[in-house]
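1. Structure here, sequence nowhere to be found:
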């Protein structure tokens, strides 16, 4: 049996032998006590974590590093003008204004997430791995998964499981804090400032967002490490005497930007109004260290997957990057009336999309959380044609369908323990554009995996390796 499958089976046996009703009831209480809610929904609805063997994880991490490096080479070419940023990415005037802001500390994606499907193979390093998107704009969920892992580690079945398996699980919120400090010190050096040992941090997002509990979880760790922390709406920030302030008496050294750039632009679509916003002004004047930087919008644009997938850009990558892109990035193109290559043949892209809908998915380049994504195999011909026409007007990418991983997870339903299939994605975390450590895991009951969806769930990742006797 595959080592990871054997680990899952052993855990399921332990769970069947446990007091499942009491375990589920206590788990619900603990999620409430620990703020593990997305809006009014519990963040997790299953009774086991995701297990990976360390060799599987190492394979995923290495591939993630190569593909992320390729994305950054395209990013650099766009920033340098070697690729036509406006023509390829269709930046709005507001986006163009943000992208033009100074970027002084290096890669703008201080914390990021590569959304991926992992299908185990017969050997630990022979699975199929597909990267679908790069969430480069301060992705959510890191704090939730961190605390979920703490709760699962105390489950009675997990304690029994740990007697046979060696478990590894990095502390993600501590990694976020450490990475913020590293970025801040580099920013201080670039701007010739003296760094504060324990800088003040503002976690910035709209007050109404459903992820607010995660900000509270992050604040716990940041404050325990010695920083003062405030959670602040972007509109409550002010720029005075060359410094950014949250309220009247909280000078901000680091903005942990959780507000999504697209949402900020929707609030301020006029470039002049956007550039007058205090947070944007502070970044423009290098008055505060922001992470992630607004320039992450270029990396977050789904068109970058089309650019690294296109044969015309392969010369920009190392042999290892080229191999990783070929193996792990599904065929992707910007939707346009053009000739392209598909399976080695030159074809009209629009007609290809029209005729091969069951193999393709359409994605708007700027949205997130599954908004606007159309799965051809779940769409009738008329609706697909409407989606195609929309994609010809509003910037979209078309991407080839890849197999969706599925596994069995224990769920508590109708007063009993059941074992039900869930679709799974494993999403490696990328730090400062290059380092890969840990991953988020999302489950779903539909092919469009998202925790905000009705059947969605987050689960923690544990690396599990059988102990030698």
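-> Good, I have the coordinates. Just so you know, these numbers come straight off a predicted model, no measurement behind them.
2. right, and residue 307 touches residue 313 too?
-> Yes. Shown here, residue 307 and residue 313 form a contact pair, counting by C-beta atoms under 8 Å, at 5.6 Å. Every C-beta, even on glycine, is put in place using the N, C-alpha and C of the backbone.
3. Please work out how many residues are found near residue 63.
-> By other C-beta atoms under 10 Å, the residues close to residue 63 number 25.
4. Would you mind splitting the protein into its domains for me?
-> Split into domains by automatic domain parsing, the chain comes to 3-170+411-466, 176-298, 300-400.
5. now these in CSV, with mean pLDDT?
-> Below are those laid out as CSV (pLDDT from 0 to 100):
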stretch, mean pLDDT
domain 3-170+411-466, 92
domain 176-298, 95
domain 300-400, 93
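6. coming back round to it: pull up the overlap in contacts between residue 307 and residue 313.
-> residue 74 (C-beta atoms under 8 Å, 6 or more residues apart in numbering).
7. The two: which has the busier surroundings?
-> residue 307 (25 against 18).
8. any idea how far the residue lying closest to residue 396 once chain neighbours are set aside lies from residue 363?
-> Nearest residue to residue 396 in three dimensions, chain neighbours excluded: residue 335, at 4.4 Å (C-beta to C-beta, 6 or more residues apart in numbering). From residue 335 over to residue 363 the distance is 9 Å, taken as C-beta to C-beta, to the nearest Å.
9. Can you report phi and psi for the closest residue to residue 191 other than its chain neighbours?
-> Of all residues beyond its chain neighbours, the one nearest residue 191 is residue 286 (5.0 Å), with distances taken as C-beta to C-beta, 6+ apart. Main-chain torsions, residue 286, degrees, to the nearest 10: phi 50, psi 40.
10. Which parts of the stretch 251-400 of the chain are strands?
-> Secondary structure of the stretch 251-400 of the chain (DSSP state E, counting those that start in this stretch): strands at 251-252, 254-257, 289-291, 332-334, 339-342, 345-348, 360-364, 374-375, 396-400.
11. Likewise for the stretch 51-200 of the chain?
-> 111-119, 128-135, 165-168.
12. End to end on stretch 74-91, go ahead and measure it.
-> Start to finish, the residues bounding stretch 74-91 are 16 Å apart (C-alpha to C-alpha, to the nearest Å).
13. follow-up on the earlier one: report the set of residues contacting both of residue 335 and residue 363.
-> 396, 397, 398.
14. what bridges to the last one?
-> By that I understand residue 398. Here residue 398 sits in beta bridges with residue 333, residue 362, going by DSSP bridges.
15. Tell me the spacing between it and residue 387.
-> Distance of residue 398 to residue 387, given as C-beta to C-beta: 10 Å.
16. and these two? which has more neighbours close in?
-> The neighbour comparison of residue 398 against residue 387 (other C-beta under 10 Å) goes to residue 398, with 27 against 22.
17. For that one, give me its contacts.
-> 332, 333, 335, 349, 353, 360, 361, 362, 363, 391.
18. Repeat that for residue 297.
-> Residue 297 makes contacts with 95, 98, 99, 137, 261, 262, as judged by C-beta under 8 Å, 6+ apart.
19. Swap in 7 Å and give it another go.
-> Contact partners of residue 297, counting by C-beta atoms under 7 Å, 6 or more residues apart in numbering, are 95, 98, 99, 137, 261.
20. ok, and the closest non-adjacent residue to residue 94?
-> residue 265 (4.6 Å).
21. separation between that neighbour and residue 277?
-> 10 Å.
22. Equivalent analysis for residue 248, please.
-> 19 Å.
23. Those two: which has the busier surroundings?
-> residue 277 (17 against 7).
24. excluding its backbone neighbours, what's nearest the more buried one?
-> Spatially, and ignoring its direct neighbours in sequence, residue 277 is nearest to residue 268 (5.8 Å; C-beta to C-beta, 6+ apart).
25. I'd like the distance from the nearest residue to residue 311 once chain neighbours are set aside to residue 73, if you could.
-> Leaving aside its sequence neighbours, residue 311 sits nearest to residue 341 (C-beta to C-beta, 6+ apart; 6.2 Å). In this view, residue 341 and residue 73 are 21 Å apart by C-beta to C-beta.
26. and the strands of the stretch 51-200 of the chain as a markdown table, adding distance to residue 29?
-> Below are those laid out as a markdown table (distance: least, C-beta to C-beta, whole Å):
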| stretch | distance to residue 29 |
| --- | --- |
| strand 111-119 | 29 |
| strand 128-135 | 31 |
| strand 165-168 | 24 |
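27. Looking at these, spot the one closest to residue 204.
-> Ranking the strands of the stretch 51-200 of the chain by proximity to residue 204 (C-beta to C-beta) places strand 111-119 first, at 14.1 Å.
28. Let me see the contact set for residue 335.
-> 391, 392, 396, 397, 398.
29. State the distance from the nearest residue to the second one once chain neighbours are set aside to residue 203.
-> Closest residue to residue 392 in three dimensions, ignoring its sequence neighbours and counting by C-beta to C-beta, 6+ apart: residue 335, at 6.2 Å. Between residue 335 and residue 203 the computed distance is 36 Å (C-beta to C-beta).
30. again, but for residue 244
-> 13 Å.
31. Between these two, point out the one with more neighbours.
-> Shown here are residue 244 and residue 203; by other C-beta under 10 Å, residue 244 has more neighbours (27 against 23).
32. does that one count as helix, strand or coil?
-> Assigned with DSSP: H, G, I helix; E, B strand; the rest coil, residue 244 falls in the strand class.
33. Run a quick neighbour tally on the residue nearest to residue 94.
-> 21.
34. what's near enough to touch it?
-> 92, 94, 95, 274.
35. Whichever of the residues you listed end up buried, select them in ChimeraX.
-> Burial among the contacts of residue 265 is assessed by 16 or more other C-beta atoms under 10 Å; the matching ChimeraX selection reads:
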select :94,95,274
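36. Just the ones of the contacts of residue 265 in helices?
-> Secondary structure assignment by DSSP state H places 94, 95, 274 of the contacts of residue 265 in helices.
37. from the residues you listed, which single one is nearest residue 295?
-> Using C-beta to C-beta, the ones in helices among the contacts of residue 265 come closest to residue 295 at residue 95, 10.4 Å.
38. Find the nearest non-adjacent residue to residue 408, please.
-> residue 419 (5.0 Å).
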